[in-house]
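Engineer: coordinates only, sequence not included:
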């Protein structure tokens, strides 16, 4: 298993990611330094309090701007508050303070969403005796739109799809962001049958008058790429395209990779906790059995036909083995793939534009 990082190493990684990656993409250098100066330990409650402290003034300013009918400025202030509350729950809300940060992140994100273009619509889809909350953004101009179901992995919940939703909107596609099984507000944990939440979302979208039911795609990032791959098989007839971005499908779910990659050098902190919470277990030893049950090869999916699939990752990924990209190419329907330089997800300036261009072609 990888080495758990010391506090100084975590601080150095946060400084490097500020303005670039994860929830730190929206962070301001002065706010980050204010938080880091007060982080005297890795206590998750201290972490939550400090990020909440810098979030609160932006939330309060957003409310003042909203009352003054300065809606675009209010939106920006709420998005800033959201980024800090989301960081406060990062990577997973496993303590009371982090859970409160998670609740606040959704509250201020939905306030900001009223002023997105098109506006954010929160929908709760019936799912047995539970609900699947999703965020939908579709222009209300009487047309039917192609739509992309968009979600992240173990630490990137539906509101963190914001940057990707914006990119899809600019390319003329509508967006639907959701939480994958085991994270955020998803009503079920990860399991070999948890794809049912995605099927329920597709069922809902097909019935909307503003969605072109023949042009529904799915995009999963990091662990979410696993579910995008599985849905490409499960819903081969109803999905027009699938993006598997940094997701594992077989080798990722082997015991040696689980132990080797947990707390990878590229992961900030609490990797083991975030992975365990997907399945509702408390240790890596407990995790092994439900983890290995997700292999798409062992489930018998790889030989089956799929919808068009684009598989993307970084050549030197330490969290997801690049071999899982190649095994998808070796079985079943022909697929597209692109390997980028770098680590997890191959995050270069060209990566997301490449994905958007491919989606535009497939959904045209």
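Structural biologist: Received the coordinates, thanks. Here the structure is a predicted model, which means the values were calculated and not measured.

Engineer: surely residue 149 is in a helix?
Structural biologist: No: the assignment for residue 149 is strand, going by DSSP: H, G, I helix; E, B strand; the rest coil, so no helix is present there.

Engineer: do you know the pLDDT at it?
Structural biologist: With respect to pLDDT, residue 149 scores 98.

Engineer: that one touches residue 216, doesn't it?
Structural biologist: Yes: under the criterion of Cβ atoms under 8 Å, residue 149 makes contact with residue 216 at 7.0 Å. Every C-beta, even on glycine, is put in place using the N, C-alpha and C of the backbone.

Engineer: which neighbours do those two share?
Structural biologist: Here residue 149 and residue 216 have 202, 205 as joint contacts, going by Cβ atoms under 8 Å, 6 or more residues apart in numbering.

Engineer: how about the least confident helix or strand in the chain by mean pLDDT: buried residues?
Structural biologist: The weakest-scoring helix or strand in the chain, judged by mean pLDDT, DSSP states H and E, is helix 255-261 (a mean of 92). Across helix 255-261, burial judged by 16 or more other Cβ atoms under 10 Å covers 257, 258, 261.

Engineer: for stretch 102-109, same thing?
Structural biologist: Residues 102, 104, 105, 106, 108, 109 are the ones in stretch 102-109 that count as buried (16+ other Cβ under 10 Å).

Engineer: point out where this structure drops to low pLDDT.
Structural biologist: For the chain, the stretches flagged by pLDDT under 70 are 1.

Engineer: how does it divide into domains?
Structural biologist: Per the record, the chain has its domains at 1-115, 118-364, by automatic domain parsing.

Engineer: and the longest one, end to end?
Structural biologist: Taking Cα to Cα, to the nearest Å, the span from the opening residue of domain 118-364 to its closing residue is 21 Å.

Engineer: run the chain-centre distance for that domain.
Structural biologist: 8 Å (Cα atoms, centre = their mean, to the nearest Å).

Engineer: for stretch 22-35, same thing?
Structural biologist: 20 Å.

Engineer: could you do stretch 73-91 as well?
Structural biologist: 16 Å.

Engineer: name the nearest residue to the residue nearest the centre of the chain, ignoring sequence neighbours.
Structural biologist: Nearest to the geometric centre of the chain sits residue 152, at 1.5 Å (Cα atoms, centre = their mean). Among residues not flanking residue 152 along the chain, residue 221 sits closest, at 4.7 Å (Cβ to Cβ, 6 or more residues apart in numbering).

Engineer: now the helices for the stretch 251-364 of the chain?
Structural biologist: 255-261, 271-279, 284-292, 296-299, 323-330, 351-362 (DSSP state H, counting those that start in this stretch).

Engineer: for the stretch 51-200 of the chain, that is, sorry about that
Structural biologist: In the stretch 51-200 of the chain, the helices defined using DSSP H, counting those that start in this stretch lie at 71-89, 96-113, 162-170, 196-207.

Engineer: highest average neighbour count across those helices?
Structural biologist: Compared across the helices of the stretch 51-200 of the chain, helix 71-89 shows the largest average neighbour count, a mean of 24 (mean count of other Cβ atoms under 10 Å).

Engineer: what's that one packed up against?
Structural biologist: helix 44-67, helix 96-113 (3 or more Cβ pairs under 8 Å, 6 or more residues apart in numbering; DSSP states H and E).

Engineer: could I get these in JSON lines, plus columns for distance to residue 205?
Structural biologist: Formatted as JSON lines, the helices and strands packed on helix 71-89 follow (distance: least, Cβ to Cβ, whole Å):
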{"stretch": "helix 44-67", "distance to residue 205": "30"}
{"stretch": "helix 96-113", "distance to residue 205": "18"}
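
Engineer: let me know which of those is the nearest to residue 269.
Structural biologist: helix 44-67 (9.0 Å; Cβ to Cβ).

Engineer: quick one: distance of that closest one to the chain centre.
Structural biologist: Offset of helix 44-67 from its chain centre (Cα atoms, centre = their mean): 23 Å.

Engineer: tell me what that helix is packed against?
Structural biologist: When contacts are defined as 3+ Cβ pairs under 8 Å, 6+ apart, helix 44-67 sits against helix 29-38, helix 71-89, helix 96-113.

Engineer: need the contact list for residue 65.
Structural biologist: 71, 73, 74, 77.

Engineer: from those residues, which single one is nearest residue 7?
Structural biologist: residue 77 (30.2 Å).

Engineer: list the contacts of that closest one.
Structural biologist: Residue 77 neighbours (Cβ under 8 Å, 6+ apart): 58, 59, 61, 62, 65.
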